[in-house]
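>>> Provided below are the primary sequence and the corresponding predicted coordinates.
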Amino acid sequence: MAFACCSRSSRFASLSRAAAKYASAVVRRAGATAVHPDWTVRAEICERCPLRVVQGSVSYCGQPMQRKLFRDPMTDGCGCPTWDKAKAPDEHCPLTARHEAAVTSAGSCDCKWCA
């Protein structure tokens, strides 16, 4: 019973984060918020990534979030559309250039985009 409660809670948290990211992307597309100045370079890096999955005509970082809620970002990606993720100024790639888990600490990041 306790496991089911925790499972529902983390599922809700995952869906809430995904909904917030989607809402930010919609607002960004409307031109109401900032876009990362090097988003095209970031998107190009994503397009060459082995985690990239194309669903329909959209490129995702791993399987789309709605297809796989529980994931390890290093092996499954984050599930976000790559172009929307690349445009977000506060987002980071989940991997390093060596395809290891990226670490952000004290304002420093070793992800593919920041390295």
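Received, thanks.

>>> What distance do you get for residue 105 to residue 52?
The gap separating residue 105 from residue 52 is 26 Å, by C-beta to C-beta, to the nearest Å. The way it works is simple: take the backbone N, C-alpha and C, and place the C-beta from them, glycine included.

>>> between those two, who's got more neighbours?
Legend: neighbour count by other C-beta atoms under 10 Å for residue 105 and residue 52, higher for residue 52 (15 against 7).

>>> What backbone torsions are found at the more buried one?
phi -60, psi 130 (degrees, to the nearest 10).

>>> got it, and residue 67?
phi -90, psi -30.

>>> Now do the contacts for it.
55, 79 (C-beta atoms under 8 Å, 6 or more residues apart in numbering).

>>> How many residues are close by residue 40?
There are 12 residues near residue 40, going by other C-beta under 10 Å.

>>> can you check residue 93 too?
Residue 93: 26 neighbours (other C-beta under 10 Å).

>>> Check it and give its pLDDT.
We have a pLDDT of 91 for residue 93.

>>> Pull the contacting residues for residue 77.
So residue 77 contacts 51-53, 60-63, 71, 94 (C-beta under 8 Å, 6+ apart).

>>> again, 6 Å this time
If a contact means C-beta atoms under 6 Å, 6 or more residues apart in numbering, then residue 77 has 51, 61-62 as its contacts.

>>> Would you mind measuring from it to residue 93?
Taken as C-beta to C-beta, the span from residue 77 to residue 93 is 10 Å.

>>> Any regions of this structure where pLDDT drops low?
Along the chain, the model assigns pLDDT under 70 to residues 1-9, 11-12, 14-15, 18.

>>> which residues in it form strands?
Under the criterion DSSP state E, strands of the chain are mapped to 52-55, 58-61, 104-105, 108-109.

>>> Any idea how many residues pack against the residue lying closest to residue 114 once chain neighbours are set aside?
Among residues not flanking residue 114 along the chain, residue 92 sits closest, at 6.6 Å (C-beta to C-beta, 6 or more residues apart in numbering). For residue 92, the neighbour count with other C-beta under 10 Å is 18.

>>> can you check residue 41 too?
Around residue 41 there are 12 residues (other C-beta under 10 Å).
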